[in-house]
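S.K.: Build the 3D model from these lines:
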Amino acid sequence: MEFIIERASGEDAKMMADIIEKVWDDIDNKQWFVADNSEYTTRILKEENGLGYKAVVKDSGVVAGGFIVSLPGMKEENLGRDIELAEEELGKVAHMESVAILPSYRGNGLQYAMMQQGEADLKKMGYRYLMCTVHPDNLYSKNNVIRQGYEVVLTKEKYGGYIRDILLKKLF
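M.R.: As a prediction, this is how the structure comes out:
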């Protein structure tokens, strides 16, 4: 099966939110994945507070998964604040947010492919710090981002009581 990674638009917001919700509904350990709600996904894609990507099956056009990048700017939730990044660097932080792959398409490297496309776009846009959070026991996702050059820089409570590893990749 071949896939194409495409940028998602505001019109894709509901479909992307539906994929995230479906993946969350199917996950056994709910603490591993804090799903972005439809409102958040719509805001990211329609108000351009971030970027969206979708993995599309080349032959059928079916969307197999989605990926959301948020651009927190100087907001309080910027993960750069957690690692005490200098104030003048906070605007160069991008959050590699939710990756959701529908069950029948897992194992095709889609998380990796979408994150790589996002990283390339963010680098062109001048972002220097890519950050994400992963549940410490979610080894599949954690190893996937570590394989892409991210390092665990801190483990702490986030998102209203969920323990998360905070990972960082510097682009230069």
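S.K.: For this structure, which segments count as strands?
M.R.: 3-8, 50-57, 63-70, 93-101, 129-134, 151-158, 162-170 (DSSP state E).
S.K.: Using JSON lines, lay out these together with distance to M115 and mean pLDDT.
M.R.: From N, CA and C alone the C-beta is placed, and that goes for glycine too. Below are the strands of the chain laid out as JSON lines (distance: least, CB to CB, whole Å; pLDDT from 0 to 100):
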{"stretch": "strand 3-8", "distance to M115": "10", "mean pLDDT": "97"}
{"stretch": "strand 50-57", "distance to M115": "8", "mean pLDDT": "96"}
{"stretch": "strand 63-70", "distance to M115": "7", "mean pLDDT": "95"}
{"stretch": "strand 93-101", "distance to M115": "6", "mean pLDDT": "93"}
{"stretch": "strand 129-134", "distance to M115": "9", "mean pLDDT": "96"}
{"stretch": "strand 151-158", "distance to M115": "15", "mean pLDDT": "96"}
{"stretch": "strand 162-170", "distance to M115": "10", "mean pLDDT": "95"}
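S.K.: Run a quick neighbour tally on the nearest residue to V62 once chain neighbours are set aside.
M.R.: Among residues not flanking V62 along the chain, V56 sits closest, at 7.0 Å (CB to CB, 6 or more residues apart in numbering). Counted by other CB atoms under 10 Å, the residues lying close to V56 total 17.
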